[in-house]
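A.B. asks: no sequence for this one, just the structure:
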């Protein structure tokens, strides 16, 4: 690879084969790290304020229209007559008219109604039997039959059979609610019925979905294990399995569609349900899409088959690196756990922010509401920005740890004696490069915020008649999406350069961009083949998981299942997530090895004083590739010379043939190859 001028100045001092940028490091992008700490101090102050002044029980248990928090003793609110009541035994929020919960009066009750109550007399009987009074607190049960009904009480307009959901009384029969209050009755019911049936199928097939998740997890581990052990074979094996799996999945879908279609057509016309017809159509669409995808997959593999050799060798080196650092394979698990804990923290703070505020009497209804003070409302946005920034920072640290571990392994002479690479990478990260990770995450944040604003504007203008504005917003969103993907790719390579050289983010990003541009064709070919191989690995896991799911549900043959495609689709989504998590380590390792290879050829020349760090098998591959290229070039030159002047060729070859001692000029093909030239040409 022609990587010489990409990674630094050409006049670097000789280092005796030892890469000095790794040994001599200093803190990078300190100002960014300081600003990030200051920002987090603000987030912690917001969290402390919200916890101290927010009443989270008001969110958990709910409160009535008079400011009383259910399940608690309450203090009186000035100017509110029914406030300050003891609601210890009343833990449920009940709406006088659930059809309009925003404007309806709310009260605390001890029990949600377990049946439909159509009259005030039935409400009185329910209160007598259960002790749960559904009218306003100042109305005695004996007054229920003659009390008014309505949105503002004092007794409910209509009482549905309800269940306790998050301490709120929610009607059980949501279909009736839809039937009564949505204009398009038939379509709404059909949609609700379809969703209900789909959710019912998911519930009925829950164990099959769980089994598919376990199978996907095992297959993802096996895929990593196979690439880890036999990288050179698995790349080709993935191609074969992907093609076979895609064909098998396509055939299985067509067979399933045919069976479902025949069963549907054999039914009497009166028994041909709409849901069964949709199921047949769904499998037909899946089968057509799978066929098109399989054809495209076969064509792509046919075109890319000649560009796999170097990718195979890089994957072989990545397998060696991960065999020396097996714990690196579970790095995504730790990152996921850290992100999960951070997400729980942010969600908890959001809840506490929502629970702040003092009771305020609404002028139009006289009900009590708790609105957060005006400055507190901005805490949401501050914390949301901090959430995005910190999440990107965690992902950047994840990428750096993998890159630093692989780079350290590559630039170590005695690789068998190398120990604790992950801990060393984490130590280097926390000691020197946290600021660079913050800087990279901040750049992504600067793109995500405008994207979020544009998406919000698009949502607000979805019913607008201005098609030009909608088109402009969509174009801007698309441009920002592409920019974000580009910056993430540059950031990833910048983190690799930081792991190798220890420089700041801007300088490393510049070097990463230079090396990518100067080797654009080679890098594009390697990345495309590598990403495609990883995609095929994910596809293999998904296809085998989907086939397993079809077999599991086929063996069960549960007549209660209507939509087989939904449980299979959910299991396939989980399979793709599992495969992506584990194979992402390989993706980062291959990208790191590529840049390490370029840096190795820049720093060293293969001489005794400055030997290469690259593995012997990689060096042998480079040498073989260079020799083949030289032979082809020499053969082409000879053919050109022969076509131009055959006599000149004979005169050129005669000195060699007339020197039996070998003192004459030697053929260039037999001359020793320059190792640095070999590496760069490869």
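C.D. replies: Perfect, thanks for sending it. Keep in mind that what you see is a predicted model, and the values were worked out from it rather than measured.
A.B. asks: now the helices for the stretch 301-450 of the chain?
C.D. replies: Counting by DSSP state H, counting those that start in this stretch, the stretch 301-450 of the chain has helices at residues 309-324, 331-354, 374-410, 421-428, 434-460.
A.B. asks: Tell me what angle the second one forms with helix 374-410.
C.D. replies: Counting by axes from the mean of the first three to the mean of the last three C-alpha atoms, to 10 degrees, helix 331-354 lies at 170 degrees to helix 374-410.
A.B. asks: Let me know the secondary structure of the residue lying closest to residue 440 once chain neighbours are set aside.
C.D. replies: Spatial nearest neighbour of residue 440, chain neighbours left out: residue 491 (4.4 Å); criterion: C-beta to C-beta, 6 or more residues apart in numbering. C-beta: built from backbone N, CA, C; applies to glycine. The three-state label given to residue 491 by DSSP: H, G, I helix; E, B strand; the rest coil is helix.
A.B. asks: Tell me which of the helices of the stretch 301-450 of the chain lies nearest to residue 75.
C.D. replies: With C-beta to C-beta as the criterion, residue 75 lies closest to helix 331-354 of the helices of the stretch 301-450 of the chain, at 20.2 Å.
A.B. asks: got a list of contacts for that closest one?
C.D. replies: 43, 46-47, 50-51, 54, 56, 59, 372, 376, 379-380, 383, 386-387, 390-391, 394-395, 398, 401-402, 422, 581-582, 584-585 (C-beta atoms under 8 Å, 6 or more residues apart in numbering).
A.B. asks: So what's the residue count around the residue nearest to residue 440?
C.D. replies: By other C-beta atoms under 10 Å, the residues close to residue 491 number 25.
A.B. asks: hang on, it packs against residue 508?
C.D. replies: No - using C-beta atoms under 8 Å as the test, residue 491 is too far from residue 508 to be in contact (9.7 Å).
A.B. asks: For residue 440, list the residues it contacts.
C.D. replies: Counted by C-beta under 8 Å, 6+ apart, residue 440 has contacts 392, 396, 491, 494-495, 505.
A.B. asks: any idea how far the residue nearest to residue 440 lies from residue 370?
C.D. replies: 42 Å (C-beta to C-beta, to the nearest Å).
A.B. asks: what do you get for residue 244?
C.D. replies: Distance from residue 244 to residue 370, by C-beta to C-beta: 61 Å.
A.B. asks: Those two: which has the busier surroundings?
C.D. replies: residue 370 (18 against 12).
A.B. asks: Which secondary structure element of the protein has the lowest mean pLDDT?
C.D. replies: None of the helices or strands of the chain scores lower by mean pLDDT, DSSP states H and E than helix 646-657, at a mean of 39.
A.B. asks: Would you agree residue 548 is in contact with residue 214?
C.D. replies: No - counting by C-beta under 8 Å, residue 548 sits too far from residue 214 to count as a contact (9.9 Å).
A.B. asks: pLDDT weak spots in the stretch 501-650 of the chain?
C.D. replies: 519-522, 524-530, 554-564, 621-650 (pLDDT under 70).
A.B. asks: Now do the helices in it.
C.D. replies: Here the stretch 501-650 of the chain has its helices, by DSSP H, counting those that start in this stretch, at 505-518, 520-556, 565-603, 616-644, 646-657.
A.B. asks: Likewise for the stretch 101-250 of the chain?
C.D. replies: With DSSP H, counting those that start in this stretch as the criterion, the stretch 101-250 of the chain has helices spanning 120-130, 174-181, 185-204, 206-229, 231-266.
A.B. asks: ok so, going back, quick one: which of residue 548 and residue 214 has more around it?
C.D. replies: More crowded of residue 548 and residue 214, by other C-beta under 10 Å: residue 548, with 20 against 14.
A.B. asks: Pull the contacting residues for that one.
C.D. replies: 211-212, 215.
A.B. asks: run the last query once more with 6 Å
C.D. replies: Listed by C-beta atoms under 6 Å, 6 or more residues apart in numbering, the contact partners of residue 548 are residue 215.
A.B. asks: ditto for residue 83
C.D. replies: Contacts for residue 83 (C-beta under 6 Å, 6+ apart) come out as 66-67, 76-77.
A.B. asks: if I've got this straight, it is in a helix?
C.D. replies: No - using three-state DSSP, the secondary structure at residue 83 is coil, not a helix.
A.B. asks: Checking the residue nearest to it when sequence neighbours are not counted next. Helix, strand or coil?
C.D. replies: With sequence-adjacent residues excluded and distances taken as C-beta to C-beta, 6+ apart, residue 83 is closest to residue 77, at 4.0 Å. Here residue 77 is recorded as coil under three-state DSSP.
A.B. asks: Measure how buried residue 77 is and give me the count.
C.D. replies: 18.
A.B. asks: how close does it sit to residue 477?
C.D. replies: According to C-beta to C-beta, residue 77 stands 46 Å off from residue 477.
A.B. asks: And the pLDDT for the residue nearest to residue 440?
C.D. replies: In this model, residue 491 is scored at 91, pLDDT.
A.B. asks: Kindly report the same for residue 441.
C.D. replies: 93.
A.B. asks: what's the neighbour count on the nearest residue to it once chain neighbours are set aside?
C.D. replies: Closest residue to residue 441 apart from its sequence neighbours, by C-beta to C-beta, 6+ apart: residue 392 at 3.6 Å. Using other C-beta under 10 Å, residue 392 has 21 neighbouring residues.
A.B. asks: And residue 392, how far from residue 87?
C.D. replies: If you measure residue 392 against residue 87 using C-beta to C-beta, the figure is 44 Å.
A.B. asks: Which residue lies nearest the spatial centre of this structure?
C.D. replies: When C-alpha atoms, centre = their mean is applied to the chain, the residue found nearest the centroid is residue 577 (7.7 Å).
A.B. asks: Tell me how far it lies from residue 223.
C.D. replies: For residue 577, the distance to residue 223 - C-beta to C-beta - is 14 Å.
A.B. asks: what does residue 258 give?
C.D. replies: Taking C-beta to C-beta, one finds residue 258 at 31 Å from residue 223.
A.B. asks: between these two, which one's more packed in?
C.D. replies: residue 223 (25 against 14).
A.B. asks: Run through the residues that contact that one.
C.D. replies: With C-beta under 6 Å, 6+ apart, residue 223 has these contacts: 537, 541.
A.B. asks: Next, work out how far apart it and residue 533 are.
C.D. replies: Distance from residue 223 to residue 533, by C-beta to C-beta: 11 Å.
A.B. asks: measure stretch 63-80 end to end?
C.D. replies: With C-alpha to C-alpha, to the nearest Å as the measure, stretch 63-80 spans 14 Å from end to end.
A.B. asks: All further residue positions should be reported with the first residue as 40.
C.D. replies: In the new numbering, first residue 40, that becomes stretch 102-119.
A.B. asks: okay, and for the stretch 140-289 of the chain, where does confidence drop off?
C.D. replies: 212-244, 264, 266-277.
A.B. asks: nope, the stretch 340-489 of the chain is what I was after
C.D. replies: In the stretch 340-489 of the chain, residues with pLDDT under 70: 343-348, 457.
A.B. asks: which one of the contacts of residue 479 sits closest to residue 336?
C.D. replies: Nearest member of those to residue 336, counting by C-beta to C-beta, is residue 530, at 30.3 Å.
A.B. asks: Check the burial of residue 154 by counting its neighbours.
C.D. replies: 11.
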